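Chemist: Next input, structure requested:
(4 chains)
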Protein chains: 2
Amino acid sequence: MNILEKIANELETFSKSERKVAEVILSSPGTVIHASIAALAKQANISEPTVNRFCRRLDTKGYPDFKLHLAQSLANGTPYVNRHVDENDSADEYTSKIFESTMANLELARKSLDTSTINRSVDLLTQANKISFFGLGASAVVAHDAQNKFFRFNVPVVYFDDILMQRMSAINSRQGDVVVVISHTGRTKALVDVASLARENDATVIGITTAGTPLAKECNFVLSVDVAEDTDLYMPMASRIAQLTLIDCLATGFTLRRGTKFRDNLKKVKDSLRSSRFERKD
Amino acid sequence: MNILEKIANELETFSKSERKVAEVILSSPGTVIHASIAALAKQANISEPTVNRFCRRLDTKGYPDFKLHLAQSLANGTPYVNRHVDENDSADEYTSKIFESTMANLELARKSLDTSTINRSVDLLTQANKISFFGLGASAVVAHDAQNKFFRFNVPVVYFDDILMQRMSAINSRQGDVVVVISHTGRTKALVDVASLARENDATVIGITTAGTPLAKECNFVLSVDVAEDTDLYMPMASRIAQLTLIDCLATGFTLRRGTKFRDNLKKVKDSLRSSRFERKD
DNA sequence: GTAAAATATGAAATTAATTTTCATATTTTC
DNA sequence: GAAAATATGAAAATTAATTTCATATTTTAC
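Modeler: This is a model prediction of the structure:
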């Protein structure tokens, strides 16, 4: 594992002084790799041996070895950790933190995804008579996006963010229909009902939700996407980005399954939009 | 440039002894990063000062600094890159590629973002009498998401994905209103018109679009988000993810600007959703 | 071809950095 | 509240890296 993530993860297990070092390192890892143990100790207001012990605790041979690991973490393309936005952050700071957290969470989500379920879901979607995407709140946005993508495939696709429409649609579903229900928490009662109704009417229900939730239990298939909780500002952030990226995977799988001719058709859809645009000069 | 490549390139310009060091390093760089200057000198059959001079010649501060660069070169094997999906990719492969491309593009987007414009936009949004988000197609999804977020702030916010509603709304806008127009291409005629109408009616127009496009020219402020073109499957993918993350930044900036009390209020909004949910057992 | 100049190299000395040891302070447990 | 466990830092010891300077090698000029 990336040593930066490791530091972020184990932050609570550190002692008071070690945490001081950890915070200095997390706040500017790029500076630390060029600092001596004395400089780092001074910056963290602790002694040099403490820095050394900190390094060893992280399973490195000592300070120079630690710097090597740190340098590798930074080069890895993933110095991304879920850093929390702070009261007094400048636009620069919170922007960086948000982008980095999003990337860190995408990495997490990727690791947690079960690609065989993705594959199975793509199977079902390509064979569906009708595809419905249901979500509420932030997940309605994901459903909206999914409709936008699948609409291009020239398959019957609907999306509702209205709970009554969703219920009516679920009740009218039948064998061969695929209903995709999206909810990060998986605990929205109304949506769990919709999933249940759809299943009673023999539709295949795919949940994009967290594993083990009430919604997950109502679904035939569950695409679970793990992200760190979005607690910062009481708004769903990383979760919906991960869900959207999953939608991209489903849509991509769909087009690949349908073969080359089908993709020519996609190009036509895109070209048809051209007349609504200003020409590019380059 | 990668220091390993640099060594390989400059091999001819080195002196006899330096070349010996270079060859040892090139043949097993992974060992070298854990070796002392003495060990490396011995392995190359030359003296320690020669190793040191070799390091300096490569524009590093000395041997330890050189090792740092070397470690980074080695780690560099897996940066997130925009890998394209291939005809015969398995679910596992295209999932990885899509997630990695998305992360690579977020990194790109972050670098291209001008945080002072974000800051200015947050200013305008916090002072707006009314906020409107307009987009079409994939950008409608982004506008939808923005509404969802800003709605929680208890400010007058609207979102339209219907071009006629957008026009009407733009015509009815006035000084003090902020209109956010979202379009990756920045070339959708209808939206450029909307931006123009809003501006004629004294609204402040913020564009989330690519710099230099017709839409960008109609806006008072442009938040430009660079991503690699989504050419794979003729669908917007990375661009909308980057735009959504930008929305997160704006929303975060908004809440920070509004202060602590305001965030308590956000928590209440979130708590109010609780009764619509199944309780968590843990 | 050879002497002078320039360059390259390494041994030893110096300097700098890291690690260990050990005494003291702080926290936890009973 | 005392004893044990743990954490911390000052100073010493060790280790590693760098500089200095003498010597060797190569290049240049005639």
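Chemist: Show me what the one helix or strand residue A:123 maps to packs onto, helices and strands only.
Modeler: Secondary-structure assignment from DSSP states H and E places residue A:123 in helix A:115-127. Packing partners of helix A:115-127 (3 or more CB pairs under 8 Å, 6 or more residues apart in numbering or on different chains; DSSP states H and E): strand A:204-209, strand A:221-224, helix A:238-258, helix B:91-112. Backbone N, C-alpha and C define where each C-beta goes, glycine included.
Chemist: ok, the residue of the stretch 51-200 of chain A found nearest DNA strand C - contacts?
Modeler: Per CB to the nearest atom of the strand, the residue of the stretch 51-200 of chain A with the smallest distance to DNA strand C is residue A:62, at 1.9 Å. For residue A:62, the contact set (CB atoms under 8 Å, 6 or more residues apart in numbering or on different chains) comprises A:52, A:55-56.
Chemist: and with 6 Å instead?
Modeler: Neighbouring residues of residue A:62 by CB atoms under 6 Å, 6 or more residues apart in numbering or on different chains: residue A:55.
Chemist: Taking the centroid of chain A, which residue is nearest it?
Modeler: Residue closest to the average C-alpha location in chain A (CA atoms, centre = their mean): residue A:242, at 2.2 Å.
Chemist: What separation is there between that residue and residue B:147?
Modeler: Applying CB to CB, to the nearest Å, the value for residue A:242 to residue B:147 is 21 Å.
Chemist: go on, residue A:195?
Modeler: Applying CB to CB, the value for residue A:195 to residue B:147 is 25 Å.
Chemist: Settle it for me: which of these two has more neighbours?
Modeler: Per other CB atoms under 10 Å in any protein chain shown, whichever of residue A:195 and residue B:147 has more neighbours is residue A:195, with 29 against 19.
Chemist: dump the residue contacts of that one.
Modeler: Residues in contact with residue A:195 (CB under 6 Å, 6+ apart) are A:181, A:205, A:215, A:218-219.
Chemist: helix or strand for it, which one?
Modeler: helix A:189-200.
Chemist: Quick check: residues of chain A near DNA strand C?
Modeler: A:16, A:36-38, A:48-49, A:52, A:55, A:61-65 (CB under 7 Å from any atom of the strand).
Chemist: just checking, which of these belong to helices?
Modeler: A:16, A:37-38, A:48-49, A:52, A:55, A:63-65 (DSSP state H).
Chemist: got the residues you listed as a markdown table, with neighbour count, distance to residue A:97 and pLDDT columns?
Modeler: A markdown table is the format used below for those (neighbours: other CB atoms under 10 Å in any protein chain shown; distance: CB to CB, whole Å; pLDDT from 0 to 100):
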| residue | neighbour count | distance to residue A:97 | pLDDT |
| --- | --- | --- | --- |
| A:16 | 8 | 24 | 79 |
| A:37 | 19 | 28 | 84 |
| A:38 | 12 | 29 | 84 |
| A:48 | 15 | 30 | 83 |
| A:49 | 10 | 32 | 84 |
| A:52 | 16 | 30 | 89 |
| A:55 | 23 | 26 | 82 |
| A:63 | 20 | 27 | 84 |
| A:64 | 17 | 29 | 85 |
| A:65 | 16 | 29 | 85 |
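Chemist: Max pairwise distance over the contacts of residue A:195: which two?
Modeler: Using CB to CB, the two most remote members of those are A:205 and A:215, lying 9.4 Å apart.
Chemist: So residue A:204 is in contact with residue A:219, correct?
Modeler: No: counting by CB atoms under 6 Å, residue A:204 sits too far from residue A:219 to count as a contact (9.0 Å).
Chemist: In chain A, where is pLDDT below threshold?
Modeler: By pLDDT under 70, the low-scoring segments of chain A are A:1, A:75-83, A:229-236, A:259-282.
Chemist: Tell me the residues of it that contact DNA strand D?
Modeler: Taking CB under 7 Å from any atom of the strand as the contact definition, chain A meets DNA strand D at A:15-18, A:45-50, A:53.
Chemist: top of the residues you listed by neighbour count?
Modeler: Using other CB under 10 Å as the neighbour criterion, residue A:18 leads the residues of chain A next to DNA strand D with 21 neighbours.
Chemist: could you say what helices and strands the host helix or strand of residue A:4 packs with?
Modeler: Assigned by DSSP H and E, residue A:4 belongs to helix A:3-9. Helix A:3-9 sits against helix A:63-75, with contacts defined as 3 or more CB pairs under 6 Å, 6 or more residues apart in numbering or on different chains; DSSP states H and E.
Chemist: Helix B:63-75 and the helix it packs on, what's the angle between them?
Modeler: If you take axes from the mean of the first three to the mean of the last three CA atoms, to 10 degrees, helix A:63-75 sits at 40 degrees to helix B:63-75.
Chemist: Could you break chain A into its assigned domains?
Modeler: A:1-77, A:110-272 (automatic domain parsing).
Chemist: With respect to burial, which of those domains scores highest?
Modeler: Of all those, domain A:110-272 has the most neighbours on average by mean count of other CB atoms under 10 Å in any protein chain shown, namely a mean of 20.
Chemist: chain center to that domain, what's the gap?
Modeler: Chain-centre distance of domain A:110-272: 14 Å, with CA atoms, centre = their mean, to the nearest Å.
Chemist: Equivalent analysis for stretch A:55-75, please.
Modeler: Stretch A:55-75 has its C-alpha centroid displaced from the chain centroid by 28 Å (CA atoms, centre = their mean).
Chemist: quick one: stretch A:38-47 near chain B?
Modeler: No: Stretch A:38-47 does not reach chain B (CB under 6 Å from any CB of the partner chain); its nearest approach is 13.2 Å.
Chemist: out of everything not next to it in sequence, what's closest to the residue in the stretch 51-200 of chain A positioned nearest to DNA strand D?
Modeler: Sorted by distance to DNA strand D under CB to the nearest atom of the strand, the residues of the stretch 51-200 of chain A start with residue A:53, at 6.3 Å. Leaving aside its chain neighbours, residue A:53 sits nearest to residue A:18 (7.4 Å; criterion: CB to CB, 6 or more residues apart in numbering or on different chains).
Chemist: from what I can see the one you found touches residue A:56, true?
Modeler: No: in this structure, residue A:18 is not within contact of residue A:56 by CB under 6 Å, at 10.8 Å.
Chemist: one step back: just the closest of the residues of chain A next to DNA strand D to chain B, please.
Modeler: Using CB to the nearest CB, residue A:48 is the member of those that lies nearest chain B, at 16.3 Å.
Chemist: Helix, strand, or coil at the spatially closest residue to the closest one that is not a sequence neighbour?
Modeler: Nearest non-adjacent residue to residue A:48, counting by CB to CB, 6+ apart: residue A:41, 4.6 Å away. At residue A:41 the chain is in helix, as set by DSSP: H, G, I helix; E, B strand; the rest coil.
Chemist: pretty sure residue A:41 contacts residue A:49?
Modeler: No: Residue A:41 is beyond contact range of residue A:49, at 8.5 Å (criterion: CB under 6 Å).
Chemist: would a markdown table of the contacts of residue A:195 with secondary structure be doable?
Modeler: Converted to a markdown table, those look like this (three-state DSSP):
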| residue | secondary structure |
| --- | --- |
| A:181 | strand |
| A:205 | strand |
| A:215 | helix |
| A:218 | helix |
| A:219 | coil |
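Chemist: quick check, residue A:179 in a helix?
Modeler: No: read with three-state DSSP, residue A:179 is strand and lies in no helix.
Chemist: What's opposite it in the beta bridge?
Modeler: Counting by DSSP bridges, residue A:179 is bridged to residue A:132, residue A:205.
Chemist: Please enumerate residues in contact with stretch A:157-164?
Modeler: Residues outside stretch A:157-164 that contact it (CB under 6 Å, 6+ apart): A:131-134, A:140, A:143-144, A:147, A:150-151, A:166, A:190.
Chemist: try it again with 8 Å
Modeler: Contact partners of stretch A:157-164, identified using CB under 8 Å, 6+ apart, comprise A:130-136, A:140, A:143-144, A:146-147, A:150-151, A:166, A:169, A:190-191, A:194.
Chemist: Good, we can wrap up now.
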